[in-house]
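1. fold the following and give me the result.
(chains A and B)
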Number of protein chains: 2
Amino acid sequence: MKAALLAIGDEIVGGMTVDTNSAWIAGELRAIGIEPAAGFSVADDGDAIVRALGRALEEADVVISTGGLGPTSDDLTTACAARFAGVPLDLDEESLRSIEERFRARGIEMPPSNRKQAMLPRGAEIVRNPTGTAPGYILPVEVGGRTRHVIGFPGVPREMRRMMRETVLPWLAARNPGRRFLSRTFSTFGLNESRLGELLDGVAAPDEARLAFRAAFPRVQARLTVDGAPGDNLEARLDALELRVRERLGAYLYATGDEGMEETVGRLLREQGQTLAVAESCTGGRIGDRITDVPGSSDYFLMGAATYSDEAKQTLLGVSARTLATHGAVSTGTAEEMAAGIRRLAGATLGLSTTGIAGPGGGTAEKPVGTVCIGLAWEGGAWSHRFDLGDRGREWVKGLTAQLALDVVRRRLLGIEGVVEWR
Amino acid sequence: MKAALLAIGDEIVGGMTVDTNSAWIAGELRAIGIEPAAGFSVADDGDAIVRALGRALEEADVVISTGGLGPTSDDLTTACAARFAGVPLDLDEESLRSIEERFRARGIEMPPSNRKQAMLPRGAEIVRNPTGTAPGYILPVEVGGRTRHVIGFPGVPREMRRMMRETVLPWLAARNPGRRFLSRTFSTFGLNESRLGELLDGVAAPDEARLAFRAAFPRVQARLTVDGAPGDNLEARLDALELRVRERLGAYLYATGDEGMEETVGRLLREQGQTLAVAESCTGGRIGDRITDVPGSSDYFLMGAATYSDEAKQTLLGVSARTLATHGAVSTGTAEEMAAGIRRLAGATLGLSTTGIAGPGGGTAEKPVGTVCIGLAWEGGAWSHRFDLGDRGREWVKGLTAQLALDVVRRRLLGIEGVVEWR
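-> Residues are numbered from 1 along each chain as shown, chains lettered A, B, ... in the order given. Coordinates of the predicted model:
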């Protein structure tokens, strides 16, 4: 079975939004053995959308479109899908009730324009949207004497992904009776994609598993996909492969699956009954934000402090004026005192700190933009390290520093020596 | 003049790589008045590439393809472009010399396979690649009795961008004597897309401007695009339209352009010579992180504190045990004392605070998940407000609370009464 992807919207074609939906959907399709054959993007233009649907179904058995399901006048996808299939739009009472209910739950009346989202092509299978107003649909169309399908989905990634996972991927897998596919993802930190590729070169024979890589800064993931006939024990084969992967990746592998570093660290803190406090200078709150993205993090995250100024470092964390004067705010000495200070202030078992130059200003010859010091303090000891990350933009320095700092905690909790030397 | 974009490669269609080239090129094209009309992506498959070139030139005068110019057997773009145009490939001596030179500079001999990159379609204008081996080209083709163009470019973003900027964009601009386009974006907070659409309904006549919407939670943007002949004063027309937009949107409009709320707030703080400190409970550091995403924010952001626990609220911020006992950690009273406490601690002119229940646990009948209190303190006064945001996930509650809190500061600095009542 072949699929084509269609991204709809002025903002996609005009380049205001990068289309990340298509790549995500393509990856999910491959995992269930469906080949993504081609991709299309069109503006909010009815004739262009109808032409694109036709072209997509010349290349594939099913076209999955995202976007253009909103309530406004520039949302044309559903009307175009119906026009392409030669069917009228009918009001779907259940969708209307569900949209009204969403508004009612928020204490307001549904704006009249949202009624449009419940007008769906006759003959379509409706796909409920548990997190948004726009339902999706699977619409059969006759093309070249065969039944093909137009799938219309909202463009909001969060809504689209959940609806795909819960409804359409199983629907497609059931209609794709051949091979079964199973994937396992390995999340690493500290390797670039080429280095990860080298380390995993030959980890599985070509007929054992397919290996793919994905870089989503600052983590890089490898994914192994095995396939077999229905009834094959694919889990067991992945378990065996995972042992080889673990051996090759060592400390770079921080999680099996999609887990973020903040989840790994949170899990380890909880398992070991430890607590954490964080003093952030150049990361400005990023670490605290990431840690508290994890439900239940209040059990082990006691306090965060964003101490941008020297005064804050002194008065709040007790960094000594002498350290600041002798070594500067961006120094291993300051990082250690910050970590010890926040640990003491919060009464945590571990104190973590960052101080660095995120740019664009503030760099010097000795400490250019990208110079970052990370500190860690525990009962009776402290550690710090200077990283020279280079200048690839403020956002990059902040993001990488937060990840390095979380990795420092992970390595400490696991008793792993050394740090990632980023290059 | 209309352009279509074509991304070529198994890794694009298969979703291993997100196609960021197309969005970048589309933005550059719009800036010189060329309308990106449609996008296509195809795998490394000769017939599919030729079909895609044909479809692209049904939609546009020029197709810009990226990828498939490498030396390996799966790089098919140039051969397909020649096949589509009905011309042979000729060896371009200058390109060959330049490729050989690149290898020589690295101390190695050119592998024979790279000779392929110098085989270019007869009649094409060659575009030198100063940072890689693959040259690009602009190939004229006759389609429907008119000369159109296939532009073939490497897929490596760094190489492609430089070649576009230095060569093809000026070439296209010189050949685009027709309409000029200009857009302006309006960033709002506190409206959903339907409500924004209603407020802006009819703000411009259909022949005056085109209106598009984009929701990127928690902000919603509207964009007006005007077009005219070269020499028309499009800026002035947008200025006139902007006055109407401002009148209709009032306090919901927080910025013209793509500015984030943290940039707006930073700009206002700087203009008014004010400073800010933030005490975050349920947002865990998100507000500090966002504020410090802005270069130069150390000038006005003095301190952040993530005080998750009651103890931290008391010892660090001086929230009274009585307030906590009587009203609870999630209460307007606690929010006000947190804001006053962090303001005092940091010596800032403004103190901002958040305390709430982000979920999934922790909700009660009286204070369900999504109950959030925001506090603000200034010289001689304080303010707080309880928001009932509803439970749409931890990430959603955190993100919305951070945006609401920044908006509270914005409204205070602008003297705007009231808050966004999110529903």
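2. buried sites along the worst-scoring helix or strand of chain A on mean pLDDT?
-> Of all the helices and strands that make up chain A, strand A:210-216 has the lowest average by mean pLDDT, DSSP states H and E, namely a mean of 76. Using 16 or more other Cβ atoms under 10 Å in any protein chain shown as the burial criterion, the residues of strand A:210-216 that qualify are A:211, A:212, A:213, A:214. Bear in mind the C-beta positions are built from the backbone N, C-alpha and C, glycine included.
3. secondary structure element for the closest residue to residue A:327 other than its chain neighbours?
-> What sits nearest to residue A:327 in space, not counting adjacent residues and going by Cβ to Cβ, 6 or more residues apart in numbering or on different chains, is residue A:333, at 4.5 Å. With elements delineated by DSSP states H and E, residue A:333 resides in helix A:332-346, which encompasses its position.
4. which residues does residue A:316 contact?
-> Taking Cβ atoms under 8 Å, 6 or more residues apart in numbering or on different chains, we find residue A:316 in contact with A:305, A:307, A:341, A:345, B:303, B:316, B:345.
5. for the residues you listed, give me a markdown table that also has pLDDT.
-> Rendered in a markdown table, the data for the contacts of residue A:316 read as follows (pLDDT from 0 to 100):
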| residue | pLDDT |
| --- | --- |
| A:305 | 97 |
| A:307 | 92 |
| A:341 | 97 |
| A:345 | 95 |
| B:303 | 96 |
| B:316 | 92 |
| B:345 | 95 |
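6. which of these lies closest to residue B:352?
-> Compare each of the contacts of residue A:316 with residue B:352 using Cβ to Cβ and the shortest gap goes to residue B:303, at 11.0 Å.
7. so the closest one makes contact with residue B:352?
-> No: checked against Cβ atoms under 8 Å, the pair residue B:303 and residue B:352 is beyond contact range at 11.0 Å.
8. list residues touching both of the two?
-> Here residue B:303 and residue B:352 share the contacting residues B:277, B:278, B:342, scored by Cβ under 8 Å, 6+ apart.
9. near chain A, from the residues you listed?
-> Among the shared contacts of residue B:303 and residue B:352, the residues that sit close to chain A (Cβ under 8 Å from any Cβ of the partner chain) are residue B:278.
10. pLDDT for the shared contacts of residue B:303 and residue B:352 - can I get that in CSV?
-> Converted to CSV, the shared contacts of residue B:303 and residue B:352 look like this (pLDDT from 0 to 100):
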residue, pLDDT
B:277, 97
B:278, 98
B:342, 97
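11. so which of the shared contacts of residue B:303 and residue B:352 is the most crowded?
-> Scoring these on neighbours with other Cβ atoms under 10 Å in any protein chain shown, the highest-scoring entry is residue B:278 at 34 neighbours.
12. re earlier: now for the helix holding residue A:333, which elements pack on it?
-> Taking 3 or more Cβ pairs under 8 Å, 6 or more residues apart in numbering or on different chains; DSSP states H and E as contact, the helices and strands that helix A:332-346 lies on are strand A:276-280, strand A:301-306, helix A:310-315, helix A:321-327, strand A:350-356, strand A:371-378, strand A:381-388.
13. for the fourth one, buried residues please.
-> Same thing as helix A:321-327. Burial within helix A:321-327, assessed by neighbour count using 16+ other Cβ under 10 Å, is assigned to A:323, A:324.
14. now that helix: average pLDDT?
-> Per-residue confidence for helix A:321-327 averages out to 96 on the pLDDT scale.
15. could you do the last one as well?
-> Across strand A:381-388, pLDDT averages out at 96.
16. returning to that earlier point: centre of the chain to the helix holding residue A:333, how far?
-> 31 Å (Cα atoms, centre = their mean, to the nearest Å).
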